[in-house]
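[1] sequence first, then the predicted structure, then my questions.
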Amino acid sequence: MGRLVDQGEHQALDDLLVDGPLLVNGDPNLLRSLLQNLLENAWKFTRDRSPARIELSRDGEIFRIRDNGLGFDMQYAKTLFAPFHRLRPKEFEGTGIGLAIADRICRRHGGTIWVDASPDEGATFSFTLAAGAPETSDKNKTTSERPNRGIF
């Protein structure tokens, strides 16, 4: 949460709930980027809520990040993961690549990502990751020496 808090947005997050251990196999740098993109998205769209709440949970193989932010109409759900697509470009900052990156990371790990939302009730981004880790970029180490365990 350090980077989220240090962005100078001066918003308060009332609750960040992390439910259970969130260990997974995968490229730690990519998994960190996945989580960062999804949390920053939740953070951005809850900034005007009181109380602002973000929940990170795992149910078997499904990970979820749920917020009580603005939400959106599900008719836009399929376009959210396209690069440079933004639902509210005039209201909120961003480049429109965060969710596209999250989708790519999930697919790179043999998983998938999807969303459920309702206008003015928040959004829940759910994703899965396969058990095997992708190759890391460190070519000088053997497979057994490469880090392949990420923690959320």
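    That came in fine, so what should we check first?
[2] point out where this structure drops to low pLDDT.
    For the chain, applying pLDDT under 70 flags the ranges 1-17, 20, 89, 131-152.
[3] name the residue closest to the centre of it, please.
    Nearest residue to the geometric centre of the chain (C-alpha atoms, centre = their mean): residue 38, 2.1 Å.
[4] that residue and residue 95, how far apart?
    15 Å (C-beta to C-beta, to the nearest Å). (Glycine included, C-beta is placed from N, CA and C.)
[5] setting aside sequence neighbours, what's the nearest residue to the residue nearest to the centre of the chain?
    residue 65 (4.7 Å; C-beta to C-beta, 6 or more residues apart in numbering).
[6] next: residue 127.
    residue 113 (4.0 Å).
[7] what's whichever strand or helix holds residue 104 packed up against?
    According to DSSP states H and E, residue 104 maps onto helix 98-108. Judged by 3 or more C-beta pairs under 8 Å, 6 or more residues apart in numbering; DSSP states H and E, the packing partners of helix 98-108 are helix 28-46, strand 113-118, strand 122-128.
[8] closest to residue 77 out of these?
    Between residue 77 and those, the tightest spacing by C-beta to C-beta is seen for strand 113-118, at 5.4 Å.
[9] helices and strands around that closest one, which ones?
    Contacts defined by 3+ C-beta pairs under 8 Å, 6+ apart place strand 113-118 against helix 98-108, strand 122-128.
[10] residue 85 touches residue 79, doesn't it?
    Yes: Residue 85 lies in contact with residue 79 (C-beta atoms under 8 Å); the separation is 5.1 Å.
[11] the more surrounded of those two?
    A side-by-side neighbour count of residue 85 and residue 79, using other C-beta atoms under 10 Å, places residue 85 first with 15 against 11.
[12] gap between residue 54 and residue 114?
    Relative to residue 114, and taking C-beta to C-beta, residue 54 is found at 18 Å.
[13] returning to what we had before: just send the helices and strands packed on helix 98-108 back as TSV, with distance to residue 71 too.
    As requested, the helices and strands packed on helix 98-108 are exported to TSV (distance: least, C-beta to C-beta, whole Å):
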stretch	distance to residue 71
helix 28-46	8
strand 113-118	4
strand 122-128	5
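[14] which among these is found nearest to residue 61?
    Of all those, strand 122-128 comes closest under C-beta to C-beta, at 5.2 Å.
[15] tell me the strands beside the closest one, with direction?
    Strand 122-128 has its sheet partners listed here by DSSP bridges as strand 62-67 (antiparallel), strand 113-118 (antiparallel).
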